[in-house]
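In: can you look at this prediction? I've put the sequence above it.
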4 protein chains.
Amino acid sequence: MDKTPDPIQELVAAARRKQILDAATQVFAEKGFHRATVKEIARVAGIADGTIYTYFASKTEVLLGILHRLNESTEREQQLTPEREQDLRAFFTTYLRQRMALLWPNAEVFQAVLPEMLVNEELRALYYQQVLVPTFTVAEHSLRTQRGAGQVQSLDVSLTARAIAGLLLGLLTLQLLGDEVIAQRWEELPEVLTSLLFDGLQPGKETTHE
Amino acid sequence: MDKTPDPIQELVAAARRKQILDAATQVFAEKGFHRATVKEIARVAGIADGTIYTYFASKTEVLLGILHRLNESTEREQQLTPEREQDLRAFFTTYLRQRMALLWPNAEVFQAVLPEMLVNEELRALYYQQVLVPTFTVAEHSLRTQRGAGQVQSLDVSLTARAIAGLLLGLLTLQLLGDEVIAQRWEELPEVLTSLLFDGLQPGKETTHE
Amino acid sequence: MDKTPDPIQELVAAARRKQILDAATQVFAEKGFHRATVKEIARVAGIADGTIYTYFASKTEVLLGILHRLNESTEREQQLTPEREQDLRAFFTTYLRQRMALLWPNAEVFQAVLPEMLVNEELRALYYQQVLVPTFTVAEHSLRTQRGAGQVQSLDVSLTARAIAGLLLGLLTLQLLGDEVIAQRWEELPEVLTSLLFDGLQPGKETTHE
Amino acid sequence: MDKTPDPIQELVAAARRKQILDAATQVFAEKGFHRATVKEIARVAGIADGTIYTYFASKTEVLLGILHRLNESTEREQQLTPEREQDLRAFFTTYLRQRMALLWPNAEVFQAVLPEMLVNEELRALYYQQVLVPTFTVAEHSLRTQRGAGQVQSLDVSLTARAIAGLLLGLLTLQLLGDEVIAQRWEELPEVLTSLLFDGLQPGKETTHE
DNA sequence: AATGAATGAGAATTCATTCAT
DNA sequence: TATGAATGAATTCTCATTCAT
């Protein structure tokens, strides 16, 4: 009478979930949440429409499932963050490179999920709490640590963390909006951004770093 | 056979268009493009459903109408951009303040329009060509001018312009995603960002500007 | 308080009616009753939508108007029928030629009106009473007269009259359905049909008439 | 990935198609194509609106479906046509009787489909190619054969075939337009028409056939 | 568990008709 | 009378979700 948590069943179920979420991510990204139909997702996943409802209660839950998966992978990344002190500048470049390497393949997920988030309270809250807050927290903590060590000047930690996060988010968005310069030179961005954030716009300072 | 362009009729028609676009902007922002119904837009505009089709061929055309309006106001702003040389830093703060003052009230429009843009090729192309390209062009030109005058160090103009645009776009997006810090401290951002971009993250430089 | 039957006004009104009916005939024939819009009819007539309602109570009434006009012209034709006794055969050819000359230009009207008649009781009754019944009556009378004069064999007058009417109606319909043979050889039909109806299909009789 | 054509499913699907086409034929005939609503067709078929779209892509496709069915049954009839030589006259009566027996029960279909055909290019072409052309071809062939055998006088085969087809079509149309004489005496028509076409209108010939 | 046909609520759009100007 | 913008009922079609097999 009890649920027998058959481990094999669970593996199969997990695989099906992944299958569905992968398909949904692709279709949501291509067509957007509303234009994407459950039928199409099922087709891409290679299963019948109805089967999706064995694993997810609704189309919206599928989107939430994508978000949760994103969240899990984000959590794993968080650790990557504060590497040991080398040159702070070098560290920062590495950090950016890491984050962007994570952002790039998730661009599709982001594209799938962002629009609906702007509109769906529940989704937005979930994403904010589970992805953004931890990101900010880690970043703020990192900044504070560096500042304490005198590595970073005394700036507004909260807003700076958000500015850096926003910078990446914004660049990703611009790329999704069709900017080819960003798309083609994505690799160069970590360096350019590091230069921008360390040397600033003002001249005569680039010598400072050296 | 010809239309006699009765100026009074035109005024009335323009007012109706505005009425519809205002209502649509609000409803799209609240519910997103798809969840927003024509009926609801009409209700908010205080007219009958069918009347919308006297002014716009389809729901999508209403969205395009919003975009065109945004485009027009953006065009007007572009001129504001390169103000007189004072302290470059002060100029930059002012510039950011202007742009953000424009962004803030248009947040709703942006929220209404962005999601659909990520998914609708035509819309995306339109926005990119009519809003982003001019913005980048102006910004790049400005940066080049300053650099020529030795005011700005030798950096990658294209990517830097995009970085700054992306920074603002990303911060706006974060705010739309529910970040209250940004929402509450929006006013402070120009200063903080100027500081970030001029002084950089590295310590010991804040004295440079003084 | 009374209606002043200003004769000039009446002329103008009659002209407007004609203008509208002409336009409606054309548009109904092209698009069918339902696909034809009042707006389109008005456009073709060169007036505003609303104006049509000054002259006709509804779109259906416009169709009825077309039918009435057809009826009037049909009435006028009826007289043409029983021409002088010459060779009966020659008379019949002439008769067919006349009727077909009337049918041909009215093909458009017929196309406009027939489909709706098959579906609209009122319209059907009207057409039947005002166009078909008189036609049959005249034809039957004519047949009876000829038969009395020994010119026509003793056949079923009612059904024969209908057969001849149906023959013309059917050929017209076939042509409207796209038969190019009929369209191109419309002129020859009176002779061919006369031959068919007088000589019959059986061989060895064609000599009879000679 | 492939569809396994489950024969039971196919039977069920075929039954549903028939169910829908039957209902549509009835409703189209009663109300005409445009006044007929999908909702009404579904109601008559005893299914939900949406179900119709599982089997037909659009309302127009339902009409095409009716036409295809008509076409298939017409194809089957074509074979019936040229029966063995007996008295040619008797043959012709039989032929007419057959065709009219086919026409009569299809009157409803014809009524449903004709009006839209007069207006819809695609439909018209389809009907012409698939129903009329084969009919003419068979009829012309039959006439030529008979003529070759000296059974039929030397007449214009093309136009004669069309005249006979038009005769039946026209009589059917007159009946649909409400002529009660034709409706009540439908059974007698083959004889009367045979008499008309063999004996002709001219007197003195009725003896020929005897 | 998987299937996919059936469901029916809901949405965009059309258009005959009205009516203030 | 003429106009044509406004109206809103009505219609086609879509698609998330259910459920019998």
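Out: Yes, it's here. None of the values given here were measured: they were computed from a predicted structure.
In: get me the contact residues on chain A for DNA strand E.
Out: Contact residues, chain A versus DNA strand E (Cβ under 7 Å from any atom of the strand): A:9, A:12, A:13, A:16, A:47, A:48, A:49, A:50, A:51, A:53, A:54, A:55. The way it works is simple: take the backbone N, C-alpha and C, and place the C-beta from them, glycine included.
In: three-state assignment of the first one?
Out: When you say that, I think you mean residue A:9. helix (DSSP: H, G, I helix; E, B strand; the rest coil).
In: per-residue confidence for it?
Out: Note for residue A:9: predicted pLDDT of 83.
In: distance of it relative to residue D:130?
Out: Note on residue A:9: its distance to residue D:130, by Cβ to Cβ, to the nearest Å, is 55 Å.
In: for residue A:64, give me its contacts.
Out: Residue A:64 makes contacts with A:122, A:123, A:126, as judged by Cβ atoms under 8 Å, 6 or more residues apart in numbering or on different chains.
In: may I see the PyMOL selection of the buried members of the residues of chain A next to DNA strand E?
Out: Filtering the residues of chain A next to DNA strand E down to the buried ones (16 or more other Cβ atoms under 10 Å in any protein chain shown) takes a single PyMOL command:
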select buried, chain A and resi 16+47+55
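In: got TSV for the residues of chain A next to DNA strand E, with distance to chain B and secondary structure too?
Out: Listed next are the residues of chain A next to DNA strand E as TSV, based on distance: Cβ to the nearest Cβ, whole Å; DSSP: H, G, I helix; E, B strand; the rest coil:
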residue	distance to chain B	secondary structure
A:9	37	helix
A:12	33	helix
A:13	31	helix
A:16	27	helix
A:47	24	coil
A:48	25	coil
A:49	20	helix
A:50	24	helix
A:51	25	helix
A:53	21	helix
A:54	26	helix
A:55	24	helix
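In: from the residues of chain A next to DNA strand E, which is closest to residue A:23?
Out: residue A:47 (8.6 Å; Cβ to Cβ).
In: tell me the centre residue of chain A?
Out: Geometric centre of chain A, nearest residue: residue A:103, 5.2 Å, by Cα atoms, centre = their mean.
In: mind pulling up the pLDDT for the closest residue to chain C within chain A?
Out: Using Cβ to the nearest Cβ, residue A:35 is the residue of chain A that sits closest to chain C, at 29.5 Å. The model reports residue A:35 with a pLDDT of 93.
In: I'd guessed it sits against residue B:119; true?
Out: Yes. With contacts counted by Cβ atoms under 8 Å, residue A:35 reaches residue B:119, the gap being 6.7 Å.
In: count of residues packed around residue A:165?
Out: The number of residues packed near residue A:165 is 20, by other Cβ atoms under 10 Å in any protein chain shown.
In: quick revisit: need the max-distance pair from the residues of chain A next to DNA strand E.
Out: The widest separation within the residues of chain A next to DNA strand E (Cβ to Cβ) is 22.1 Å, between A:9 and A:49.
In: tell me the residue of chain A that sits nearest chain D?
Out: For chain A, Cβ to the nearest Cβ, closest residue to chain D: residue A:46, 7.4 Å.
In: how about that residue, phi and psi?
Out: phi 80, psi 30 (degrees, to the nearest 10).
In: ok, it touching residue A:19?
Out: Yes. Applying Cβ under 8 Å, one finds residue A:46 in contact with residue A:19, separated by 7.4 Å.
In: element containing residue A:155?
Out: Following DSSP states H and E, one finds residue A:155 outside all helices and strands.
In: what kind of secondary structure is the residue lying closest to it once chain neighbours are set aside in?
Out: With Cβ to Cβ, 6 or more residues apart in numbering or on different chains as the criterion, residue A:155 has its nearest non-adjacent residue at 6.3 Å, and that residue is residue B:195. At residue B:195 the chain is in helix, as set by three-state DSSP.
In: tell me how many other residues surround residue B:195.
Out: 20.
In: surely it meets residue A:163?
Out: No. In this structure, residue B:195 is not within contact of residue A:163 by Cβ under 8 Å, at 10.1 Å.
In: for DNA strand E, what is the nearest residue in chain A?
Out: residue A:50 (1.8 Å; Cβ to the nearest atom of the strand).
In: how about the helices in chain A?
Out: A:7-35, A:38-45, A:49-55, A:59-80, A:88-117, A:121-127, A:133-148, A:157-176, A:180-184, A:189-199 (DSSP state H).
In: contact partners for residue A:168?
Out: Counting by Cβ under 8 Å, 6+ apart, residue A:168 has contacts A:96, A:99, A:100, A:103, B:170.
In: residue A:130 now?
Out: A:67, A:68, A:71, A:74.
In: how many residues are close by the residue of chain A closest to chain C?
Out: For residue A:35, the neighbour count with other Cβ under 10 Å is 15.
In: same thing with the one 3 residues further on?
Out: Residues contacting residue A:38 under the criterion other Cβ under 10 Å number 17.
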